[in-house]
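1. For reference, the sequence and a predicted model appear below.
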Amino acid sequence: MSRKSDQILRTKFAERLCHWMIVLCFFLAATSGLSWFFPTFSWLSAFLGTPQMARLLHPFLGIAVFVGLCFMFVRFVKYNLPARSDLIWFRNIRGVLMNRHDQPLQIGKYNAGQKILFWAIMGAILVLLVSGLIMWRAYFAEFFSIPVLRMAILAHSVAGIGLILLIVGHIYLAIWVRGSISGMVTGYVSRAWARQHHDRWAAEIEARETTQGVRK
Amino acid sequence: MNSQNIVRSSATSTATPAPRIRDHQIEVAKLIDVTTCIGCKACQVACNEWNDLRGEVETNVGVYDNPRDLSPDSWTLMRFTEHEDESGRLEWLIRKDGCMHCEDPGCLKACPIPGAIVQYANGIVDFQSDLCVGCGYCVAGCPFNVPRISKQDNKAYKCTLCSDRLAVGQAPACAKTCPTGAISFGSKQEMQDLAATRVAELNERGFDQAGLYDPAGVGGTHVMYVLQHADDPERYAGLPKDPQISPLVSGWKDVLKPAAAVAGAVAVAGMAAHFIGVGPNVTDEDDHPEGAQAPRPAQRPDAGPDDRAPEPQRHAAE
Ligand code: HEM
Ligand code: SF4
């Protein structure tokens, strides 16, 4: 193993690459979307050049986010299925938020909050994709009646704003939990980090290492 | 038209209004007397002529409507309806369709681009096509299904009520051309008075449901119709009976938008308070079976900027 023994591989290269590709595309799709939703922030479309260029590119960026999330879904869905032990996390949510780490919460690879985020993102992108395709003037909007277009625009705004709020929270938690951003950049987290935040997952990894004799 | 008389501007807060000092203007209106129209389409030709529009020549599909629909290069057109009433009497109804220049325009409300749709003090609703991005929200916002997006340049187009002619004291091209006098143009008040006279005439001739179409749901319009059957405007190729901005559109702009702003502000404030209150969630690397012997992440040659060694912290358990 090339990595130091106190590090655990948490996110593989392809997954990390996908994550940061989504971050870039999502940033551009979300800022251009916000520029139309809140005209006071119309300058946000400037990340894509002109307002016209933002309008042109936004749907393609959204589709790129969708494709990236499909890959993530396949890779991560098995860690995000609800488990009975998620209840322990919910019961101790105050302690989690107050930075108390004295109790083991039997958290698997992702905690219950992360699982909710996972499913909410997947739901939101599906709504965004379907409504976004319907309202896409250049290619598809002409095939839909005006009442359908109105519903699509409203659904797209609700899902877009919802997803942006979720992701803002996701970014905050990544900043708050020290070691998680470097985990997503390098792929590795420390054993202490794993034990502190995902005790059941850390125990599983360590048990596997002992049985397989991986650990020196 | 000068730009200092804008009373409404799309995607612009009322706290930062568009220039409107030159707003001492009379509201104008076009009155289309459906009962006098003979469907000659002179107005369509005049519109294309004045606005330099030359649409594709279409094929005849067995009805008089030609072109078949409004388009980026057909801003007005005659819609023909053959209506048979209960007694079997056939009526040939002809309505000149196009932008109604609503007092409360749904297109302007839906538009996301600051100043891409404006309303002048005289009531005209005009698209500022250089700012248009072609999102098509005006299409969804309009209660009359009027704006059309061009495939050629991806911009929205519709009747301007000849705002450029008006600026130099001319009447709209269609009104000027109409050979029967079915299209009149003047101040909104004059047009309402003219309509009242015409409606009285029609009433006398037995059209007791004749009336003025100036729908209140959109605050009235600057293009109005005299209809023989004002009780049933739908009869005229689907002219809406009670047009108004769809609740889906006002819900999006008047409810969702402020709610999202509040939600965003609360979320940011909540996160800031949390961070200030509990501080970063650090991992004590010493609390570890291998203890201090384990290499610190900061000593790894490839450590990223976020991979700083955590602050030394002692657990009570130690
Ligand atoms: C999944 C594929 C997506 C497609 C096909 C799509 C398509 C569209 C289209 C066609 C528009 C109208 C403007 C335009 O013509 O560009 C739009 C607006 C918008 N999009 Fe997307 N989009 C997608 C994903 C996203 C994502 C990931 C976000 C970010 C959270 C987002 C947020 C928004 C917002 C906030 C608006 C403005 C809505 C408003 O003005 O109220 N969209 N989208
Ligand atoms: S008829 Fe449609 S396009 Fe014309 S002003 Fe009213 S909402 Fe706008």
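-> On my side now, so go ahead. Residues are numbered from 1 along each chain as shown, chains lettered A, B, ... in the order given. Ligands and ions are numbered 1, 2, ... in the order given.
2. is any part of stretch A:20-31 close to ligand 1?
-> Yes - in terms of Cβ under 6 Å from any ligand atom, part of stretch A:20-31 sits within range of ligand 1, namely A:F26, A:A29, A:A30. All C-beta atoms are positioned from the backbone trio N, CA, C, and that covers glycine.
3. out of those, who has the most neighbours?
-> When neighbours are counted as other Cβ atoms under 10 Å in any protein chain shown, the busiest of the residues of stretch A:20-31 next to ligand 1 turns out to be A:A29, with 28 neighbours.
4. Just give the number of residues close to the nearest residue to that residue once chain neighbours are set aside.
-> Here the nearest residue to A:A29 in space, its sequence neighbours aside, is A:L61; by Cβ to Cβ, 6 or more residues apart in numbering or on different chains that works out to 4.1 Å. Counted by other Cβ under 10 Å, the residues lying close to A:L61 total 21.
5. doesn't A:T31 make contact with A:L61?
-> No - with contact taken as Cβ atoms under 8 Å, A:L61 and A:T31 are classed as non-touching, separated by 9.9 Å.
6. Now the helix or strand hosting B:I94: buried residues?
-> With secondary structure defined by DSSP states H and E, B:I94 is part of strand B:90-97. When burial is assessed from 16 or more other Cβ atoms under 10 Å in any protein chain shown, strand B:90-97 yields the following buried residues: B:L93, B:I94, B:R95, B:K96, B:D97.
7. try stretch B:234-254
-> Using 16+ other Cβ under 10 Å as the burial criterion, the residues of stretch B:234-254 that qualify are B:235-237, B:239-240, B:243-246, B:248-253.
8. close enough to count as contact, B:C132 and B:R148?
-> No - counting by Cβ under 8 Å, no contact exists between B:C132 and B:R148, whose distance comes to 12.0 Å.
9. So if I had to pick from those two, which one is more boxed in?
-> Neighbour tally, B:C132 and B:R148, criterion other Cβ under 10 Å: the higher count belongs to B:C132, 24 against 21.
10. from the buried residues of strand B:90-97, which are also near ligand 2?
-> Among the buried residues of strand B:90-97, proximity to ligand 2 is found for none (Cβ under 6 Å from any ligand atom).
11. before we move on, back to that, can I get the residues of stretch A:20-31 next to ligand 1 in JSON lines including secondary structure and pLDDT?
-> As requested, the residues of stretch A:20-31 next to ligand 1 are arranged in JSON lines below (DSSP: H, G, I helix; E, B strand; the rest coil; pLDDT from 0 to 100):
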{"residue": "A:F26", "secondary structure": "helix", "pLDDT": "98"}
{"residue": "A:A29", "secondary structure": "helix", "pLDDT": "98"}
{"residue": "A:A30", "secondary structure": "helix", "pLDDT": "98"}
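12. Would you tell me which one of those residues comes nearest to A:F73?
-> Distance to A:F73 across the residues of stretch A:20-31 next to ligand 1 (Cβ to Cβ) is lowest for A:F26, with 15.2 Å.
13. Show me the strands in the chain, by range?
-> Using chain A here. For chain A, the strands identified by DSSP state E occupy A:7-9, A:188-190, in order along the chain.
14. That was the other one, I meant chain B.
-> Along chain B, the segments classed as strands by DSSP E run B:6-9, B:28-33, B:77-84, B:90-97, B:117-120, B:125-127, B:148-149, B:156-157, B:183-187, B:211-213, B:223-227.
15. buried set for stretch B:115-129?
-> Under 16+ other Cβ under 10 Å, the buried positions of stretch B:115-129 are B:115-128.
16. TSV please, covering the residues you listed and showing pLDDT and distance to A:H170.
-> Shown next, in TSV, are these (pLDDT from 0 to 100; distance: Cβ to Cβ, whole Å):
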residue	pLDDT	distance to A:H170
B:G115	95	35
B:A116	97	34
B:I117	98	36
B:V118	97	40
B:Q119	97	42
B:Y120	96	46
B:A121	95	48
B:N122	96	51
B:G123	97	48
B:I124	97	47
B:V125	98	42
B:D126	97	43
B:F127	97	39
B:Q128	96	39
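17. Give me the distance between the residue lying closest to A:L149 once chain neighbours are set aside and ligand 2.
-> What sits nearest to A:L149 in space, not counting adjacent residues and going by Cβ to Cβ, 6+ apart, is B:A140, at 4.4 Å. Separation of B:A140 from ligand 2 (Cβ to the nearest ligand atom, to the nearest Å) stands at 10 Å.
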